[in-house]
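> here is my input; please provide its structure:
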Amino acid sequence: MAISGDQIIAEGRKFLGLPYVFGAAGPKSFDCSGLVQYVLKQLGVSAPRTSNAQWGWVKKIQQADLQPGDLIFEQWPGDGPAPGHVVIYAGGGQVIEAPHTGADVRIRAWSPNETTIVGYGRVPGSSGSTGGGTSGGGLNLLSLALPQPVLDMFADAEHALQAMMWILNPENWVRIIAGVFGVFFAVGGITMLVGAA
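From the prediction side, this is the model:
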């Protein structure tokens with residue numbers, strides 16, 4: 001069944017404002033890949049569950065070929081197997097995403113200069129969007145209006161904010177603490193074995 005990028009975006013917008021819950025795949029809460037899977041399911045497309053599996057499933061495309069409705073895969077510190085995050089490109093320099101604990105499904109500004117990008121993919125069976133790719137979106141108009149150093153400054157500020165949100169995320173603190181205790185117990189165990197020998 002062929003679907004368009006416009007259909008993917010329209011379906012994704014229906015879930016704006018619903019909460020992010022790690023491991024949730026709808027209909028009342030989502031994580032990033034759960035949102036993508038649920039949106040596509042509503043359009044008759046069966047997608048894998050995780051961002052890592054979705055990355056293996058999509059048709060890989062280049063940034064220059066990115067169209068609204070395509071998926072952008074990212075990797076943030078502490079994410080699981082790469083890529084650990086996926087968003088839906090909405091065109092005009094924006095994406096739809098289920099971001100992290102404490103935030104809701106949202107539309108946010110996106111830049112191809114983001115350093116977290118792993119790659120781009122098109123949903124199998126998707127015919128793309130009538131709205132055009134990155135060359136026809138609002139991102140290019142903004143790029144024409146502002147010099148690149150100013151655009152880079154905005155991208156840097158967004159990265160800093162996203163890094164801060166990662167640090168403040170309780171789930172990530174659990175991972176950090178568990179990792180520290182794991183190292184502590186491993187070193188203690190090795191020390192005891194060496195001392196007993």
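> now the strand or helix carrying residue 54, how far from the centre of its chain.
Using DSSP states H and E, residue 54 sits in helix 51-57. Put simply, helix 51-57 sits 12 Å off its chain's centre (Cα atoms, centre = their mean, to the nearest Å).
> the helix or strand following that helix packs against which elements?
Downstream of helix 51-57, the next assigned helix or strand under DSSP H and E is strand 59-61. The contact analysis (3 or more Cβ pairs under 8 Å, 6 or more residues apart in numbering; DSSP states H and E) places strand 59-61 against strand 117-122. In short, each C-beta sits where N, CA and C put it, glycine included.
> strands paired with the strand it packs on, and their directions?
Using DSSP bridges, the strands paired with strand 117-122 are strand 59-61 (antiparallel), strand 71-74 (antiparallel).
> hey, C-alpha coordinates of the helix holding residue 54 in PDB?
What follows is helix 51-57, C-alpha atoms only, in PDB (Å, rounded to 0.1, in the frame of the first residue of the first chain):
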ATOM      1  CA  SER A  51      14.700   2.900  16.200                       C
ATOM      2  CA  ASN A  52      17.600   0.500  15.600                       C
ATOM      3  CA  ALA A  53      15.300  -2.000  13.800                       C
ATOM      4  CA  GLN A  54      13.600   0.800  11.900                       C
ATOM      5  CA  TRP A  55      17.000   2.000  10.700                       C
ATOM      6  CA  GLY A  56      17.600  -1.400   9.300                       C
ATOM      7  CA  TRP A  57      14.200  -1.500   7.700                       C
END
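> thinking again about what came up before, need the strands paired with strand 117-122 in CSV (columns: mean pLDDT and distance to residue 117).
Below are those laid out as CSV (pLDDT from 0 to 100; distance: least, Cβ to Cβ, whole Å):
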stretch, mean pLDDT, distance to residue 117
strand 59-61, 94, 13
strand 71-74, 94, 6
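> so which of those comes closest to residue 36?
strand 71-74 (6.5 Å; Cβ to Cβ).
> same for the helix or strand just after that closest one, what does it pack against?
Counting by DSSP H and E, the next helix or strand C-terminal to strand 71-74 is strand 85-91. For strand 85-91, the contact count by 3+ Cβ pairs under 8 Å, 6+ apart identifies helix 5-13, helix 32-42, helix 51-57, strand 71-74, strand 94-97 as packing neighbours.
> hmm, 6 Å instead?
The helices and strands touching strand 85-91, judged by 3 or more Cβ pairs under 6 Å, 6 or more residues apart in numbering; DSSP states H and E, are helix 32-42, helix 51-57, strand 71-74, strand 94-97.
> give the pairing partners of the last one; include direction for each.
In the sheet containing strand 94-97, the strands it pairs with under DSSP bridges are strand 85-91 (antiparallel), strand 106-109 (antiparallel).
> a markdown table please, covering these and showing distance to residue 12, mean pLDDT and mean neighbour count.
Output for those, formatted as a markdown table (distance: least, Cβ to Cβ, whole Å; pLDDT from 0 to 100; neighbours: other Cβ atoms under 10 Å):
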| stretch | distance to residue 12 | mean pLDDT | mean neighbour count |
| --- | --- | --- | --- |
| strand 85-91 | 5 | 94 | 25 |
| strand 106-109 | 9 | 94 | 16 |
